[in-house]
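Peer 1: Turn this into a structure:
(one chain, ligands or ions: 1)
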Amino acid sequence: MTETAIRVADVTKAYGRVTAVDGLSFAVEDGETVGLFGPNGAGKTTLLRMLAGLVRPTGGTITLGASELTPDDHAVYRRLGVVTHDTMLYDALTARENLRVHADLHGLDDPAARCETVLDTVGLRERASQRPEAFSHGLCKRLSLARALLHRPDVLLLDEPYTGLDQRSVADLEAVLDGFDDRTVVLTTHDIDRGVDRCDRALVLDRGELRADVSLDGSVADFDATYRRAIGLNESERGRDV
Ligand SMILES: Nc1ncnc2c1ncn2[C@@H]1O[C@H](COP(=O)(O)OP(=O)(O)OP(=O)(O)O)[C@@H](O)[C@H]1O
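Peer 2: Predicted coordinates for the structure are as follows:
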């Protein structure tokens, strides 16, 4: 029987007068890969950051497994691996040291070996002695992904994982996600083609509201039409990239 990995119940986030996320409720099952789609300003990043515990909802609850995400319950965050758009790396430390800090924070049993494993996973072993300040955005993203994988999380949260990656990095990311297949992934993307290919299910947001919740077992064109209807776009208004 599948278990619920994430439960979002009537979650709202208001920034002053702007309601970025407006009373969302949904559940993500263990092992599901769910894509958050929607136009600019729809609330995707805000929702993902709330799932990651980086932003506090102004209303509602988020539950991970059996535990509610609360600022005081640190154990629950150990189950999450997060890659945000802003990679949040320590520029003064090398790539390897960035990982080591994270490994020590998580109290891993095998920190040194685990750091080398994830460096290999994201193809950064040869650049592990360099600092991220010398890295391109794509390389920083790889390092951020390595950090997210380090403590073997059950749930991976990725904000626009494909943005800024070259073809090789995209292929590497896909290989990493293939290896993560039995675990739960939530990602935001503007890339409908990759999103449909990768995700089992799509949530379409617009103006903070959930406009569609569909399984992605059909074609890109099918989802394209669903997406367009969900956000009220005409055929002529829509480009390939959302
Ligand atoms: N820190 C903040 N302070 C004030 N308003 C914010 C903040 N973060 C987001 N917002 C507002 O919340 C709304 C949702 O933003 P969010 O970044 O979540 O959308 P998004 O769907 O991720 O957009 P994009 O596709 O452009 O990245 C927008 O109106 C945005 O301006």
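Peer 1: helices or strands next to the lowest-mean-pLDDT helix or strand in the chain in the packing?
Peer 2: Here the helix or strand of the chain ranked lowest by mean pLDDT, DSSP states H and E is helix 74-77, holding a mean of 81. If you count contacts as 3 or more C-beta pairs under 8 Å, 6 or more residues apart in numbering; DSSP states H and E, helix 74-77 packs onto strand 67-68. (Each C-beta comes from the backbone N, C-alpha and C, glycine too.)
Peer 1: quick one: strands adjacent to the strand it packs on?
Peer 2: strand 59-64 (antiparallel) (DSSP bridges).
Peer 1: Buried by neighbour count: which residues of the partner strand qualify?
Peer 2: Gly60, Ile62, Thr63, Leu64 (16 or more other C-beta atoms under 10 Å).
Peer 1: And stretch 4-14, by the same measure?
Peer 2: Neighbour count says stretch 4-14 has Ala5, Ile6, Arg7, Val8, Ala9, Val11, Thr12, Lys13 buried, by 16+ other C-beta under 10 Å.
Peer 1: Next step: these restricted to helices.
Peer 2: With helices defined by DSSP state H, no entry of those lies inside them.
Peer 1: Which residue, neighbours along the chain excluded, lies closest to the one residue sitting closest to the centre of the chain?
Peer 2: Central residue of the chain (C-alpha atoms, centre = their mean): Leu158, 1.7 Å from the mean position. Excluding its sequence neighbours, the residue lying closest to Leu158 (C-beta to C-beta, 6 or more residues apart in numbering) is Leu187, at 4.0 Å.
Peer 1: Please identify the helix or strand for that neighbour.
Peer 2: strand 184-188 (DSSP states H and E).
Peer 1: What strands line up against that strand, and which way round?
Peer 2: Short version: by DSSP bridges, strand 184-188 pairs with strand 33-37 (parallel), strand 155-159 (parallel).
Peer 1: just checking, what packs against the helix or strand following the first one?
Peer 2: Looking back up the chat, that one is strand 33-37. Downstream of strand 33-37, the next assigned helix or strand under DSSP H and E is helix 44-51. Here helix 44-51 touches strand 4-15, strand 18-29, strand 33-37, strand 155-159, strand 184-188, going by 3+ C-beta pairs under 8 Å, 6+ apart.
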